Structures are given as structure tokens and as C-alpha cells.
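**Q** only geometry, no sequence info:
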């Protein structure tokens, strides 16, 4: 083996030097020639072989002193032999250090080479003249060239002609001015493969200076697949938009085609119904009323489909102007009040008496949006339920309108489809008429006017929709001119004048409300009103000024403790006794509740007698 060959050669040379040494007088011979033997250790593989030869050379140097013929001056001979041993030792140390440094450099170069070759991205280094110095395996795969074909050539061979003609100029300009066009920045460029194909790639270039020599390192990523995917996405988007546009055009055309015969049907049915000379029989009137009712529903469906088609096709007319929202809300409230009265629903207009800011909207579309939300709140409500229109304060940059109801709510699993066209959210077979696209139109109109819409809903509890419109520049937000209690003085006075007593129950659980309603019915002359959220509870308390308030603590939105705090801050209702009725039943909860101002703190499950006595006691303490 190679290591044994050189080691054996060193041993033979050492023996030859020794044989020569012992034949020369001491004054002439010395151990310095052994340094040449040690230098052969450069080709040894293992350090221990160098050390072995060093030890051998040292022993032979010492042995030569005793075996050489007499001669020379003693101290000179000793100095020569000592210097020889020192030279041998120093040579060994230097040789081992040099070999270690060389091996470390070889390992570093190997690691560097392996790192480059195993890198996912192509890595190319060039000098100041643009000549390729290294070209890793990833670069070979990307460009199709072998490293030997590229190293030593100008990097322009990897570029399309449009880039190649300017490349040398870029390098020269950068070296002269340090004005970087791509170095340290990175950008998308084009490369050219060995086959001549041009492809897109991400190129990042950095520089390195070592030993006064400047190098440029380029990192290349082939983005052909990514670009192809992006183009596919754009094509799919354009195709989808084209299909959606075609659908909208079709719906628009069909809506107009259906409207013409339907107008005739409804028109003649109305003529028959109002013909005084040839009056219809009662049975015939019932039939024509059925025609008119069904026709009106079909006409509404057609109008909604046409409206949606126009919005999706980008043809909806929206004329934005700075508007005073207050008069629009008043007109809307009048219409909704009539709808609510017909359904036996309570309607609370909490915007009454407020000076509202100016907003930039289309008046007709703004009214359409509000009416759709409020009419839905009435239509999908429960018997004896309530609808509230209010303004939420707290922001100076938007007008936030809130429409809340105590209706059937929307199941959580269906809420994701609330703005999906033609989705009735499980009410397809109910006796409540609708098209399922009203909210889709509402959302699109709101966003078309630069606003936002959102909602919160709890199944069987109720739904709250909110609308946000940016306040017009220069329009200040005015605060409420009248508070909630002042907004409905006639209602409160009428209730008090009737001699009846009112209990407000703020509770979000329908079963609990039914139970409390049954309990309160047993107290003569006492009626119950209810709220399913804390916010609505505060509003109803300000409007009705009940004699007693039963308040749950775990409520959606603000909790019962925050409701109590708001009640106590209002001068008009702060003295109304508030009884906690909650499942939070620890001693700490009870103590905290009483400290905050609850008149009584009752826990669930309720004791009917205890609740009845608490209500009676609260009423009697007020002298009612």
C-alpha cells in the first residue's frame, strides 16, 4: 500500500544515513540528514508513522555518536548532535502542523464542494471578467450543461441575447461606480438552456472579496413551473369570470322575458277584482286574490334575480352622494313600523332624536338595504318579538347601524351560507315566503357603496346585523340629542298610568324565559317583557322603566355584571331593583354580586316560591 511504501523508503534511507554516519569521524558526521527522511512523512497517511520515523532518526543520531570513529572536539561534536536532534524535532512539528492544515483545507474544500453540489438551487461563481469559476450540480440540471462545459467560459452563454449583450457592461459599470442594478437585490430574469430554450428564473447576486480578488456569486431558481401555475390560475379566473358574466346576462335576459307576461296576468287579475259592473263572487274573489298574492311573490323573485344579475354583471346603478342619513332612517322606520304592527312585532327606533353624520351613499340603495334587513327582522321573528334599529357609538370615522331581532336566529352550521344566492337556510319548506337572494343583494350593494356588513346570530334567540359606512370628510359625528328614556316618554307614561306592573327578564335561554313567564303570570297585575342580550336589556329598561328586572349573568355580548353597571349609571333607571337569576352560584359570586348592587341574588335551578317572593318584595318596597 502507498503508506507502507513511503514508510519503508524512509526507514531504508534512515538506515543508509546511519551506516554512513558510523563510518565517518565524529568531527565530520552529524544527524542533520535525517531531516530529509522526516520530510518523506508528507506522503504518510498517519501521523504515528511520522512520529515513528522521528523517534528512529533521533535514536540513530544518538547511536551514531557512540559508534562513529574517534575524532573532533568534544563540545563541537555534542553541539552538532544536539542541533541535529533539534532540527529533527522541529521538522517533525512543522511537518505535522502543515499536514493538519492541508487536511483541514481539503476537508473544507470538500464540504464546500458537497454543499454546492447538494444545494437545491443553482449556484454559479464568476470573476470580474464574467468567467465562470464554479458551476454546481443543480445548475447543471437547470441549464443542461456539464460543469466542464461552462467553467472557464463567459457566463453570457447562459443568457438570452437580450441580456448577454449588456452583461459585461453591467459588471464594468458596477466595478467602476458601485451602482448595483441587480447585485444584492435579486429579480426575475430569463435564462437560456443548452437546448436553446429560454425560461424564467429568480436570480440573486452577491459579491465576495478574498485576497484582493472580487467574486460574484449567483443563485438561480428555475420558476418555470410556478409561472405556469400562475398562468393557469389567471386563465381559470378569467374563465370563471366569463362564465359568471354569461350567467348574469342569461338571468337578466330571462328576468325581462318573464316580466312581460306576468305584468299582464297581474294587471287583468286586478281588473277582474275591481270591476264594479260585473262583480265577482266571493269564491272568485278568493281565487283572484290567490293569483295576485302568488303573482306578487313571483314578481318579487324576478325583481331580485334581475337586481342580482345587474350587480354581478357590474351594471347596477349606484349614484353616490353625500346624504344626511337621519331623514332616510325616519322614512324607513315609518315603513317598518307598519310591517311590524301587522305582524304583532314591537319595533324600537333607537336612532330617534339623534343628529347623525353625513355619509356618501346612494339614497335609494341605502333605503333598499335598510328595508331588506328590517323587513327580514320582522318576517323571521317570533310572535310578540321585537326589532331594534340603533346606532352604535364609539368610532368617529364610520356610521355603524345595528338591526337586532328576537326571532328564530340562524343555526351555526348554516351561517356560512347566509350570503349565498338562493339559500333559504333551511326554511325552503316553511310558510315564510322569500327568494334567498335578498341578503346577497344587500351585501353587494353595501360593498358597492364602500361600506361593510356583518352579523351575529344565535339559533332560537335572535340575530343582529350591522352596517358600516364611512363618514363623509368634514362631517362631524353629533352625539345623541335625546337619551333612550326621553325617546319614548308617552310609552312609559301610558304603562304607568294603566296601573300595571312590569318585570323585565334579561335571559338568553328560551326555556328559562317560558318558565319565568309562567311564574310572573301568577302575580296579579304583572306582565313580563324580555330581552335575549344585555344590550337589548339596557335599551328596554330605558324605554319601559320596568318595576323589577330579573337579570342573568352569563349572556351573549356584554354579561350581566356589565348590564348592571350600565343600569346604575343611568339617572332615570338606576333605582329599579335588579335581581340576579343565574347559574353562577359560588359564595364568592353571590358576595360579589350583592356588593355590585343586586337587590337579591338567586341561583338556578330556580325556586318558584323564592322567585315569586323576591319579585313581590321588590314591588312592595317601592310602594307599588
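**A** That came through, no problem. Everything quoted here is computed from the prediction, not taken from an experiment.
**Q** and the gap between residue 55 and residue 64?
**A** To residue 64, residue 55 is 15 Å away according to CB to CB, to the nearest Å. Backbone N, C-alpha and C define where each C-beta goes, glycine included.
**Q** Same question for residue 465.
**A** 109 Å.
**Q** now swap in residue 577 and tell me
**A** For residue 577 relative to residue 64 (CB to CB), the value is 121 Å.
**Q** So if I had to pick from those two, which one is more boxed in?
**A** Remark: of residue 577 and residue 64, residue 64 carries more neighbours, 24 against 20, as counted by other CB atoms under 10 Å.
**Q** hey, what's the spatially closest residue to residue 547 that is not a sequence neighbour bridged with?
**A** Excluding the flanking residues, the one nearest residue 547 by CB to CB, 6 or more residues apart in numbering is residue 501, at 4.6 Å. Note on residue 501: beta-bridge partners by DSSP bridges are residue 526.
**Q** Can you get me a residue count around residue 501?
**A** 20.
**Q** I figured it hits residue 527, correct?
**A** Yes: contact criterion CB atoms under 8 Å: residue 501 and residue 527 qualify, at 7.5 Å.
**Q** Can you give the domain ranges for this protein?
**A** With domains defined by automatic domain parsing, the chain comprises 2-116, 120-222, 230-312, 321-470, 484-621.
**Q** tell me how far the last one is from the chain's mean position?
**A** Spelled out, that is domain 484-621. 41 Å (CA atoms, centre = their mean, to the nearest Å).
**Q** One more: stretch 351-367?
**A** That offset, for stretch 351-367, works out to 32 Å (CA atoms, centre = their mean).
**Q** Give the buried residues for that stretch.
**A** Buried positions in stretch 351-367, judged by neighbour count with 16 or more other CB atoms under 10 Å: 351-352, 354, 356-363, 365-367.
**Q** One more: stretch 505-522?
**A** Neighbour counts using 16+ other CB under 10 Å place 505, 506, 507, 508, 509, 512, 513, 515, 516, 519, 520 of stretch 505-522 among the buried residues.
**Q** what secondary structure does the first one sit in?
**A** Taken by DSSP: H, G, I helix; E, B strand; the rest coil, the conformation at residue 505 corresponds to strand.
**Q** Just give the nearest non-adjacent residue to residue 502, would you?
**A** Distances taken as CB to CB, 6+ apart place residue 546 nearest to residue 502, at 4.2 Å, with adjacent residues excluded.
**Q** Which residues lie in contact with that neighbour in this structure?
**A** Residue 546 makes contact with 502, 503, 504, 529, 540, 576, according to CB atoms under 8 Å, 6 or more residues apart in numbering.
**Q** Distance-wise, check the fourth one relative to residue 557.
**A** Remark: distance between residue 529 and residue 557 (CB to CB) = 18 Å.
**Q** My reading is that residue 579 is in a strand; is that accurate?
**A** Yes: under three-state DSSP, residue 579 sits within a strand.
**Q** That one contacts residue 552, correct?
**A** No: when contacts are counted by CB under 8 Å, residue 579 is not listed as touching residue 552 (10.6 Å).
**Q** who's more crowded, those two?
**A** residue 552 (24 against 20).
**Q** The top strand by length along the chain - what's its average pLDDT?
**A** Longest strand in the chain by number of residues (criterion: DSSP state E): strand 198-210. Regarding strand 198-210, the rounded mean pLDDT is 86.
**Q** Please apply the same query to stretch 270-289.
**A** Stretch 270-289 shows a mean pLDDT of 80.
**Q** Touching that stretch from outside, list them.
**A** 269, 292.
**Q** mind checking the end-to-end distance for it?
**A** Distance between the two ends of stretch 270-289: 9 Å, counting by CA to CA, to the nearest Å.
**Q** buried sites along it?
**A** Going by neighbour count (16+ other CB under 10 Å), the buried part of stretch 270-289 is 272, 273, 288.
**Q** Stretch 448-466 now?
**A** 448-449, 451, 453, 456-458, 461-466.
**Q** quick one: which of these sit in helices?
**A** residue 448 (DSSP state H).
**Q** Quick one: the strands in the stretch 1-150 of the chain, in order.
**A** 122-126, 132-135 (DSSP state E, counting those that start in this stretch).
**Q** ok, the longest one: who's next to it in the sheet?
**A** Spelled out, it's strand 122-126. Here strand 122-126 is paired, per DSSP bridges, with strand 132-135 (antiparallel), strand 213-222 (antiparallel).
**Q** Can you show me the helices along the stretch 201-350 of the chain?
**A** Shown for the stretch 201-350 of the chain, the helices assigned by DSSP state H, counting those that start in this stretch span residues 224-273, 282-312, 325-343.
**Q** How about residue 222: what's its closest non-neighbour residue?
**A** Using CB to CB, 6+ apart, the closest residue to residue 222 is residue 142 (4.9 Å).
**Q** Was I right to think that neighbour contacts residue 191?
**A** Yes: using CB under 8 Å, residue 142 is in contact with residue 191, at 7.3 Å.
**Q** and for those two, which residues touch both?
**A** In contact with both residue 142 and residue 191: 201, 220, 222, using CB under 8 Å, 6+ apart.
**Q** Output the residues you listed in CSV, with distance to residue 239 and neighbour count appended to each entry.
**A** Compiled in CSV, the shared contacts of residue 142 and residue 191 are given as follows (distance: CB to CB, whole Å; neighbours: other CB atoms under 10 Å):
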residue, distance to residue 239, neighbour count
201, 28, 21
220, 33, 22
222, 27, 20
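**Q** As JSON lines, those residues with distance to residue 155 would be great.
**A** Below are these laid out as JSON lines (distance: CB to CB, whole Å):
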{"residue": "201", "distance to residue 155": "13"}
{"residue": "220", "distance to residue 155": "11"}
{"residue": "222", "distance to residue 155": "16"}
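**Q** ok but residue 567 is inside a helix, no?
**A** Yes: under three-state DSSP, residue 567 sits within a helix.
**Q** Residue 573 is in contact with that one, correct?
**A** Yes: Residue 567 is within contact range of residue 573, at 5.7 Å (criterion: CB under 8 Å).
**Q** Tell me the residues that contact both of those two, please.
**A** Common neighbours of residue 567 and residue 573 (CB under 8 Å, 6+ apart) are residue 541.
**Q** can you map out the strands along the stretch 301-450 of the chain?
**A** With DSSP E, counting those that start in this stretch as the criterion, the stretch 301-450 of the chain has strands spanning 321-324, 346-349, 358-361, 386-392, 398-405.
**Q** Which among those strands is found nearest to residue 4?
**A** strand 398-405 (89.3 Å; CB to CB).
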